[in-house]
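Colleague: No letters, just coordinates:
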C-alpha cells in the first residue's frame, strides 16, 4: 500500500497532526497509548517499592543506575543492530522481554517474595531490553511517516508519552494506596499486549538499507566519526548529555522530596509526577504548532536552562502545590528540549546511519543517567534532598553553559 493510499481519506490535517495520515503510525500510536500508561505506573511503583523495602535514597539511586547502565555499555551495539536488522522484528522482541520483566516482578510482589535484589535484577533486565528498543523505535518512526511528517510524529509521540505521564503516576498512586504495589506491575505487563498486536498489523518492516558486509565494530566507528565531525550533531549530543546527567533524575529525588519534605505518601508522589507530565503535554502541544523545520539552537538552550533553574527552585519549596507548579514548568521545558534535540538529529543524519546516531542519542540521554542518579542519590543520602536538588540543577545549568562556551571557542554554528 502506498503512502497516499494509507492516508486518511478525504481529510486535510493540520501540520502538527500530519503523522496521523499514515496507517502504520496510527497503529503504532494506538498500541503505545495503553503501554505508556503502564510504563509510568511501573516507574512510580518501583520507586515506592524500593523505599518500602529499604528506606534508602542511595539504594533507590542504585536501582535507577542499574536500569540505565546497559545503555552505557550496549548503546552502540544496539544502534548497529538497528541498522542491520528489520526494526519491526527487533521491536517485537524487545517489547516481549519488557512484558516478561514486568510480569515476573508483579508475581514476586503478589506472593510476598520480593526482595531488594529482585528489583535490582529486574531493573537491569529492563535496561537491556530498553537499550535495544530505543534506537530501533526512534529510527523506525521516520520509516512510518517519512521525513516530511517527522516533526509531527515526534510531537504527537511526545504528547502521548507525557499524557501517559499524567495518567500513569496518578493511577499508580491510587492503586498502591488502595490495592497494593503488585497491581501496578500487573497492569504494565498487560499493557504490552496492544503494542505487540499493533506491531503484527503494521506493513512497514523497517528493513536495513543496502550496505557492504563489514564487522560491527567498523560500523560503530563510522557512526562515531560522523557525529564527531558534524558540528550540529556534536553540540546537540553535548547538550543532551548535560541535561540527562543532571536534570532527569526525577525518580531519585521526587519520591524523597514527597516523603521527607512535603510529608505526602504514594498518592502525593503520584500527583507530583502527574504535574510533571501535564507540563510536558503542554510542551508537546506547543511543538505541534512549530511546523516541520529543524529548531534553532536557542530553542534547545532556553528550555534546558529553565529546567535547571526549576530544579534549583524545587530545593527551596515547603508547600505541596508550589512544588507541583514548579514541576509543571519543568515538564514543559524538558519536553521542548528533548523533542527539539530528537528532531534536529533525525533531520540531520543520513538514512543509513540513523540507527547508530540514535543509539548515540540513547547513550547520552539514558546511558549517562546511572552516573547522575548515583551522584544525586549519594548527595541526597548524605546531605538531604534539598542539597541533592540544588546540586542537580546547578550542575545541569553549568554543563549547558560549558557546551555553549565550547561552541563559541570552536567557532562553529548550529
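Modeller: Noted; the coordinates are in hand. Being a predicted model, the structure only gives us computed values, none of them experimental.

Colleague: residues near residue 222, how many?
Modeller: 16 (other Cβ atoms under 10 Å). Yep, even glycine has a C-beta here, placed from its N, CA and C like the rest.

Colleague: contacting residues around the residue nearest to residue 52 when sequence neighbours are not counted?
Modeller: The spatially closest residue to residue 52, leaving aside those adjacent along the chain, is residue 181, at 7.6 Å (Cβ to Cβ, 6 or more residues apart in numbering). By Cβ atoms under 8 Å, 6 or more residues apart in numbering, residue 181 lies in contact with 45, 48, 49, 52, 109, 175.

Colleague: For those, work out which two are farthest apart.
Modeller: Farthest apart among the contacts of residue 181 by Cβ to Cβ are 52 and 175. That separation is 14.3 Å.

Colleague: more crowded one of these two?
Modeller: Neighbours were counted for residue 52 and for residue 175 using other Cβ under 10 Å; residue 175 has more, 22 against 12.

Colleague: List the contacts of stretch 300-308.
Modeller: 236, 239, 242-243, 246-247, 283, 329-330, 332-334, 336-337, 340-341, 344, 393-394, 396-397, 400, 404.

Colleague: hmm, 7 Å instead?
Modeller: For stretch 300-308, the surrounding residues in contact (Cβ atoms under 7 Å, 6 or more residues apart in numbering) are 236, 239, 243, 247, 329-330, 333-334, 336-337, 340-341, 393, 396-397, 400, 404.

Colleague: Ok, stretch 42-51 next?
Modeller: For stretch 42-51, using Cβ under 7 Å, 6+ apart, the contacting residues are 59-60, 63, 102, 116, 119, 169, 172-173, 176, 181, 184-185, 188, 251, 255, 259, 266, 269-270, 273.

Colleague: Restricted to helices, list these.
Modeller: With helices taken from DSSP state H, the overlap with the contacts of stretch 42-51 comprises 59-60, 63, 102, 116, 119, 169, 172-173, 176, 181, 184-185, 188, 251, 255, 266, 269-270, 273.

Colleague: out of the contacts of stretch 42-51, which are buried?
Modeller: 59-60, 63, 102, 119, 169, 172-173, 176, 181, 184-185, 188, 251, 255, 259, 266, 269-270, 273 (16 or more other Cβ atoms under 10 Å).

Colleague: For the stretch 51-200 of the chain, give me the ranges with low pLDDT.
Modeller: Applying pLDDT under 70 to the stretch 51-200 of the chain picks out residues 162, 165-166.

Colleague: Please, where are all the helices along it?
Modeller: For the stretch 51-200 of the chain, applying DSSP state H, counting those that start in this stretch gives helices covering 57-84, 87-110, 116-145, 150-178, 181-201.

Colleague: for the second one, packing partners?
Modeller: It stands for helix 87-110. helix 116-145, helix 181-201 (3 or more Cβ pairs under 7 Å, 6 or more residues apart in numbering; DSSP states H and E).

Colleague: Check the third one too.
Modeller: Here helix 116-145 touches helix 23-54, helix 57-84, helix 87-110, helix 150-178, helix 354-362, going by 3+ Cβ pairs under 7 Å, 6+ apart.

Colleague: rerun at 10 Å
Modeller: Applying 3 or more Cβ pairs under 10 Å, 6 or more residues apart in numbering; DSSP states H and E, we find helix 116-145 packed against helix 3-6, helix 23-54, helix 57-84, helix 87-110, helix 150-178, helix 320-348, helix 354-362.

Colleague: Please identify the buried residues of that helix?
Modeller: Applying 16+ other Cβ under 10 Å to helix 116-145 flags 118-120, 122-145 as buried.

Colleague: swap in the fourth one?
Modeller: Across helix 150-178, burial judged by 16+ other Cβ under 10 Å covers 150-176.

Colleague: do stretch 98-109 as well
Modeller: 98, 99, 101, 102, 103, 104, 105, 106, 108, 109.

Colleague: Determine how far it lies from the middle of the whole chain.
Modeller: 21 Å (Cα atoms, centre = their mean, to the nearest Å).

Colleague: for stretch 143-161, same thing?
Modeller: 15 Å.

Colleague: show me the residues around residue 271 that make contact.
Modeller: Shown in contact with residue 271 (Cβ atoms under 10 Å, 6 or more residues apart in numbering): 169, 170, 173, 258, 264, 320, 321, 323, 324, 327.

Colleague: and the fifth one, which of the three is it?
Modeller: Classification of residue 264 into helix, strand or coil gives coil, according to DSSP: H, G, I helix; E, B strand; the rest coil.

Colleague: Contact partners for it?
Modeller: 173, 257, 258, 270, 271, 272, 320, 323.

Colleague: go again using 8 Å as the cut-off
Modeller: So residue 264 contacts 258, 271, 320 (Cβ under 8 Å, 6+ apart).

Colleague: doesn't residue 274 make contact with the first one?
Modeller: No - Residue 258 is not in contact with residue 274 according to Cβ atoms under 8 Å; the separation is 12.0 Å.

Colleague: tell me the mean pLDDT over stretch 260-269?
Modeller: The average pLDDT within stretch 260-269 is 81.

Colleague: Look up phi and psi at residue 206.
Modeller: phi 70, psi 40 (degrees, to the nearest 10).
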